Every structure is written in structure tokens, then in C-alpha cells.
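S.K.: my questions are about this predicted structure, shown below with the sequence.
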Amino acid sequence: MKKGLLRGAAAAIAFAIGALGLAVAPAAQADAAGFGDCAAGRFCAWTNTTATGPRLQTRTDTPWLGSYDNRIRSFTNRTDMIACLYSGRNYVVESGPTGSWSAVRPHASGTGYSGAGHLDKSSLKFVRTARECVLPAFPFWYDEAGTRAAGFGDLNGDRRSDVLVRDETGALWFVSGTGDAWLAGTSGWNGMDAITRHGDHSGDGREDLIARERSTGKLWLYPGTGDGDFLPRRVIGSTGWNTMSLITAVGDLTGDRRGDLIARETATGKLWLYPGTASGGLGVRRLIGGSGWGAMNLLSGPGDLNRDGRPDLLAREAATGKLWLYPGGTSALAPRRLIGSGWNPMSSVIANGDVTGDGLLDIASVTTGGTLLIHPGRGDGTLSPGYVVDPNWWGLKGAF
Ligand SMILES: [Ca+2]
Ligand SMILES: [Ca+2]
Ligand SMILES: [Ca+2]
Ligand SMILES: [Ca+2]
């Protein structure tokens, strides 16, 4: 839970990479005679294709490859980091068609790359995630401050929507509405296969986080501190949660001012409501949807999208990519309404309140290719067409 401002200084590079189309070139595997000569924990490179002869062997950042500059024809990465290779010196990707970079993941012993594909490389740097070759570990997020508290989507209480982002190592980043970010969880989040948040569950008025642990099926509550960090977690569902394939916090559906949870049961396709309790736990579940929910592959709690006083539910239909709005009712969900199509390319749907600053709730999404879009809400339950905000949300493992 260390809080350190880690705002990236790579915005200019980010734009250059965006213009180039974000090619994270994987290094092809190939057999070559000498790869096995590279010491464990080192990155090795050679000027011939057989990984023999003079050898560069290092585990430190190298701003200029010296006698290997623009001459590397084979290499192996035996470190536990990602090795970034750049066409420019000092870890720079030149703008224009000559600029290139590669993120080289660790190779198994005895394997590596061989060929002419990296003859333009001039510098070498080691990082944790592929993004960090050219970008900060976390993406950029900005949201104008709203005039009133949204009740959800704002973990640090600054009236700006914020985002939680998981990187490829399983670290969880809090990204505020001003673009600042810090680690809210240093590791282990790849062990969670459902992560959701929507307002307060613990009863202190601060937004919390709920996550399901894949290995145990436990459901954990991470109480928010109100400033973008979390207190030690506690179990709110000890067993059985692995039978659910979609879990989302939705806000207060039952009308007792406690946040509730909705989950889809894998085997039956049934939709269950888990009411939040005064102690921050979950009460006895009740059925709110029959077997048809097996057709859905995403649930999200957008808040009261149609402004009738009840939080609503979004669901994406797997076969069609259609996005459906299910208005929340006092005891059940009202008849659904189609509000979007073409949503299957979205790997993350982020429901964190009013992003555009007009007082109406919006939706953000991230495509599988790593592009962030905003879908402004119209206030009647429908969304205006999404527009692209940022192409640099790639290389992440979910945004929440
Ligand atoms: Ca905020
Ligand atoms: Ca709370
Ligand atoms: Ca509603
Ligand atoms: Ca809005």
C-alpha cells in the first residue's frame, strides 16, 4: 500500500507510439548454437545469427549498445524482466517509419531470437511490463471535477471519477481523475478473476472494492480509505463463489441504502441478488433472473442510468455483442432495453459515474486492442455513440 506519485514522463513518447500503431513486436523464437552460453540472469546478444563469437552480456540498462549498435542478429533474455530494445539511443523510439522497439520477454534456457529483425537496435532497458518500454505502467485518465459527489466511481472523494487498473504483473493501480496514480495493491491481483466496485459496502460512506479469489472461491471486501487506498481485506463470501461466472456490484437495489451485489450462476444461468447488510456483509440471496442469463458474458452496474431513482444493470449478450439495460425495480429488474451493439470488442467496461461533466452518468470502455472510449449517457438510460479518448490502454489486465 505504498503511496508514491509515479506520474509518467513519457507522454510525448506515448503520442509517438500511438501514431506508429503500437507494435509490440514479439521476438521470434529460434534455435541457434550459442544461446546456452548466456549466464542465467543476463541478457546476451551477438552480431551473428548463431549466437557465437563476441557477446554482449548484461543485466543493466544500456543507453548505447556500442560495438553492437545496429548489429544485433541474435539474442536471448535470461533475466526475469522484460528487455526493451529501441532503434534510438537512450531508449528513444524515433518518430516516423524508422522508429521501432521490441519488448522481449524472458526466454527459456537455450532459446532466443535469431535473424535480421533487430538490426536497427541501439539501446536496451529492463522493465516489469511491456507497457513500460514506452509508457508508464498505468494509463492516463482525466475527469473534470463534478459539482456533487457521485456516490460511486470516486475512491478518493475528489468528485472526479477514478479508475483501478491491473497491470500484467498483477499490481493494482489507483489512477485518479487528474492522471496521478499510485499502487493500491503491489501484487497478487492476478489471482482475482472478478473485481468490482460500486460505492460503499462497509457502511462508512467510502467506496470499497470486492474481488473473488480464483483458487479458493472466496469473496473479499477491500474497504476503501477514502483517499484511493484500501484497508486490510476481509472475507464476505467464504465458499461457493466459484460457481458464479459474472459478479458485479450495482449499488442499492433493495432500497435500504446498502450496496448490493449481483452474480450469474454458471451452471444454471440464473441471476442472483446478494443484498448488502449493515455489517458490510451479504444477506440471503434471492433470485432476480431465470435461466436466460447464461447468454450474457458481461455484467456491469452503471448506477441509475435512466434516472428513475433505482440503480440499473448492464449486460452484454455474447452471441450478438448487444448491450442491454435492465432498469432496476423495487423487487426485480424491469423489462430490458437495447442500448448498444458492437460491444464484443470491449475487454473492460468501466462504470464510474459522470465522466463528461454534464451531470449525467456515462460509461467508459477499453477495447481488446487497448483503446479507451467514452460513451456519454443521455440521462434516459441510453448512451451516445462512444468516442476514442486514448489509444494507450494496451498491455493491461483489466480496468475497474
Ligand atoms: Ca476520484
Ligand atoms: Ca466503505
Ligand atoms: Ca434506474
Ligand atoms: Ca456525463
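M.R.: Received it, and whenever you're ready, just let me know what you need. What you are looking at is a predicted structure, and each value in this text was computed from that prediction instead of being measured. Numbering: from 1, shown residues only. Ligands and ions are numbered 1, 2, ... in the order given.
S.K.: which strand or helix spans the residue of the stretch 1-150 of the chain found nearest ligand 3?
M.R.: Here the residue of the stretch 1-150 of the chain nearest ligand 3 is residue 150; by CB to the ion that distance is 14.6 Å. (C-beta placed from N, C-alpha, C; glycine too.) Using DSSP states H and E, residue 150 falls within no helix or strand.
S.K.: residue numbering should commence at 32 henceforth.
M.R.: Done: numbering now begins at 32, and the last item shifts to residue 181.
S.K.: hang on, it packs against residue 382?
M.R.: No: judged on CB atoms under 8 Å, residue 181 makes no contact with residue 382 at a distance of 10.7 Å.
S.K.: for residue 323, give me its contacts.
M.R.: Residue 323 makes contact with residue 300 under the criterion CB atoms under 8 Å, 6 or more residues apart in numbering.
S.K.: can you rerun that using 10 Å?
M.R.: 300-302, 346, 348 (CB atoms under 10 Å, 6 or more residues apart in numbering).
S.K.: what's the neighbour count on residue 188?
M.R.: Around residue 188 sit 16 other residues, with neighbours defined as other CB atoms under 10 Å.
S.K.: just residue 161 next, same as before
M.R.: Around residue 161 there are 20 other residues, counting by other CB under 10 Å.
S.K.: list the contacts for it?
M.R.: If you count contacts by CB under 10 Å, 6+ apart, then residue 161 has 55, 57, 113, 115, 133-136, 198-199, 425-426 around it.
S.K.: ok, these vs residue 375, which is closest?
M.R.: For residue 375, the closest of the contacts of residue 161 turns out to be residue 425, at 17.7 Å, with distances computed as CB to CB.
S.K.: residues contacting the closest residue to the closest one other than its chain neighbours?
M.R.: The spatially closest residue to residue 425, leaving aside those adjacent along the chain, is residue 401, at 2.5 Å (CB to CB, 6 or more residues apart in numbering). Contacts of residue 401 were listed using CB under 10 Å, 6+ apart, and they are 53, 55, 162, 170, 378, 421-427.
S.K.: same question, residue 188
M.R.: When contacts are counted by CB under 10 Å, 6+ apart, residue 188 touches 180, 236-238, 255-259.
S.K.: and if you look at residue 187?
M.R.: For residue 187, the contacting residues are 193, 205, 207-209, 211, 237-238, 255-260, by CB under 10 Å, 6+ apart.
S.K.: for it, give its distance to ligand 2.
M.R.: Spatial separation of residue 187 from ligand 2 under the definition CB to the ion, to the nearest Å is 13 Å.
S.K.: just checking, residue 397 touches residue 426?
M.R.: No: the pair residue 397 / residue 426 is not scored as a contact, 11.1 Å apart, by CB atoms under 10 Å.
S.K.: settle it for me: which of the two has more neighbours?
M.R.: With neighbours defined as other CB under 10 Å, residue 397 and residue 426 compare such that residue 397 has more, 24 against 20.
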